[in-house]
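**Student:** please work out how this folds:
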Amino acid sequence: MIKILIVDDSAVVRKVLSDELSKARGIEVVGTAVDPYVARDKIVRLKPDVITLDLEMPRMDGLTFLRKLMKYYPMPVLVISSLTPKGSDTALKALELGAVDVVCKPGSAFSVAEISKMLVEKIRAAAVAQIKPPASRGRVESITCPGNALQYTSHGVLAIGASTGGTRAIEDILVALPNNTPGTIIVQHMPEHFTATFAKRLNSLSRMEVREAVNNDLVVPGVALIAPGGRHMVLRRSGARYCVSIKMGPPVHHQRPSVDVLFHSVATQAGSNALGVILTGMGSDGAEGLGAMKKAGARTIAQDQASCVVFGMPKEAIDAGAVEATLPLVDIPQRIVDLMSKRNANPGRPVLAQNY
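**Tutor:** Predicted coordinates:
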C-alpha cells in the first residue's frame, strides 16, 4: 500500500481527495493536515510514502514548507495547484525545489473524477521516484559551439519527450545547448496553462528561444517549441521546411500531449534527419514512437536510471530496442550537439558519432 498524507487548508479539498483516493487500489490515505505545522508532526508519526501539498496555506506557505522538507526530510511531494498564472508560476517554483509533479485542483477546468484519475497515476509514479533535492543535482555544463559547427541544421529536428521529473531535466538540457541548435520540439506531460509558464521560464534561462507552440509554428534552428498542455503536437512538412500542428484527439497512454504522438509524426516526416531523446517519466509513453524513429533512421538517446527521477519511460524504450545510447543527463546535451553537427560531406542528415 502507498501511504498518503493530504496537506491542504481547505476542509472541502481534504475530504474530496480523501474520498477519491480511498477508492483507488493500493493507496491508503493515512491522514490529513490543515497546515505545514500539523503536517510536520504527522509526517514523523505516520511516515507517509507520498504527500500532496497545497501551496497557499496559513501560518506557512507551501513553498517555504517544501524548502524545509527537502532539506531535512526529503520525500515525494505532489503539488496541488490552481489553474491560474500565479498558481502555475508557484507550481514551477515547487518543482525546482524538488516536488515530483503537479496536479490541478478540481474546478471548472477539470472535474473531480478527471483530477482523481490523474492524481492516482501521479501518486504511483511519485512512490517510486528517486528524490533529488536541488543541491544534489549534477551540473550540466553549457556548450560553446562555433557558428559554423552545426551545418545543415535546417534539415535537422530534435524531439524530446518527458514526464515525471522532466521539467528539471528539460531545463538542464536546454540551458546547456547553444543558440544555433537545430529546431527542437518537446512534449512534457503537464496540465493545460502550466506549459505556457514553463516555456516562459525556459526562455528566460536558455540561449535558444523557447515558447509554447501554436498551430503552424515553424521548426527552425535556435527555437524550441513546447507542446501546450491538453493538446497533442505533431510534426509535418511545409514545403521544404517543417512546422507543427496542434490538435485535440483522445489521450494516448492517458496523456495529452503524448510523446508517442509526437515521435511517430517525427518518424514519418523527418526520418533520418531527426534525433529523439526520451527522459525521466512514469509509464511507457514514447517507447513505441522512439522505436519508429529509430526504424526510420533517426538517432535515439535515453536518460539513464541513475539520473532519472522515474526510470519508467526510458526503461520501456530501452527494453523495446528503441534506444541506441543510454546516457546520464549531464552528458546528453554534448551528445545532441555531436550527433547533429556536420562532421562529413553528407548534407541533410544528422552526423553520427561513432563512439557509443
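**Student:** CA only for contacts and neighbour counts going forward, please
**Tutor:** OK.
**Student:** where does pLDDT dip in the stretch 251-356 of the chain?
**Tutor:** The stretch 251-356 of the chain contains residues with pLDDT under 70 at 342-356.
**Student:** run the last query once more with 50
**Tutor:** Where the stretch 251-356 of the chain drops to pLDDT under 50, the residues are 343-356.
**Student:** which residues in it form helices?
**Tutor:** For the stretch 251-356 of the chain, the helices defined by DSSP state H, counting those that start in this stretch cover 259-269, 287-295, 312-319, 332-340.
**Student:** mind listing what's buried along stretch 312-329?
**Tutor:** Neighbour-count burial for stretch 312-329 flags 312-318, 322-323, 325-327, 329 (criterion: 16 or more other Cα atoms under 10 Å).
**Student:** that should have said stretch 58-74, apologies.
**Tutor:** G62, L63, F65, L66, R67, L69, M70, P74.
**Student:** contacting residues around the closest residue to E324 other than its chain neighbours?
**Tutor:** Spatially, and ignoring its direct neighbours in sequence, E324 is nearest to T300 (5.5 Å; Cα to Cα, 6 or more residues apart in numbering). T300 sits next to L275, G276, V277, L290, M293, K294, A322, V323, E324, A325 when contact means Cα atoms under 8 Å, 6 or more residues apart in numbering.
**Student:** neighbours of the fifth one, just the number please.
**Tutor:** Using other Cα atoms under 10 Å, the number of residues around M293 comes to 29.
**Student:** leaving out chain neighbours, which residue sits closest to it?
**Tutor:** Excluding its sequence neighbours, the residue lying closest to M293 (Cα to Cα, 6+ apart) is A267, at 4.3 Å.
**Student:** separation between the one you found and V7?
**Tutor:** Computed as Cα to Cα, to the nearest Å, the A267 to V7 distance reads 44 Å.
**Student:** my read: Q269 touches V234, true?
**Tutor:** No - with contacts counted by Cα atoms under 8 Å, Q269 stays clear of V234, the gap being 9.5 Å.
**Student:** neighbour-wise, which of the two wins?
**Tutor:** More neighbours surround V234 than the other of Q269 and V234, with 24 against 18 (other Cα under 10 Å).
**Student:** which residues does the residue nearest to the more buried one when sequence neighbours are not counted contact?
**Tutor:** By the measure of Cα to Cα, 6+ apart, the closest residue to V234 outside its immediate chain neighbours is L262, 4.9 Å from it. If you count contacts by Cα under 8 Å, 6+ apart, L262 has them with A159, V187, H232, M233, V234, L235, G289.
**Student:** residue nearest the centroid of the chain?
**Tutor:** Centroid-nearest residue in the chain, with Cα atoms, centre = their mean: G166, separated by 3.0 Å.
**Student:** counting neighbours, what do you get for the spatially closest residue to that one that is not a sequence neighbour?
**Tutor:** Using Cα to Cα, 6+ apart and skipping the chain neighbours, the partner closest in space to G166 is T280 (5.7 Å). Using other Cα under 10 Å, T280 has 30 neighbouring residues.
**Student:** from N216, how far out is T280?
**Tutor:** 28 Å.
**Student:** same check on T181?
**Tutor:** In terms of Cα to Cα, T181 sits 20 Å off from N216.
**Student:** quick one, which of these two is more surrounded?
**Tutor:** A count of neighbours by other Cα under 10 Å puts T181 above the other of T181 and N216, at 28 against 14.
**Student:** let me know the secondary structure of that one.
**Tutor:** coil (DSSP: H, G, I helix; E, B strand; the rest coil).
**Student:** okay but it is in contact with V219, surely?
**Tutor:** No - in this structure, T181 is not within contact of V219 by Cα under 8 Å, at 11.2 Å.
**Student:** for the residue nearest to G166, give me its contacts.
**Tutor:** So T280 contacts 162-166, 169, 303, 308-314 (Cα under 8 Å, 6+ apart).
**Student:** which one of those residues is nearest to S18?
**Tutor:** T164 (22.8 Å; Cα to Cα).
**Student:** helix, strand, or coil at the closest one?
**Tutor:** Under the three-state scheme (three-state DSSP), T164 adopts coil.
**Student:** I123 is in contact with that one, correct?
**Tutor:** No - at 10.6 Å, T164 does not count as touching I123 under the criterion of Cα under 8 Å.
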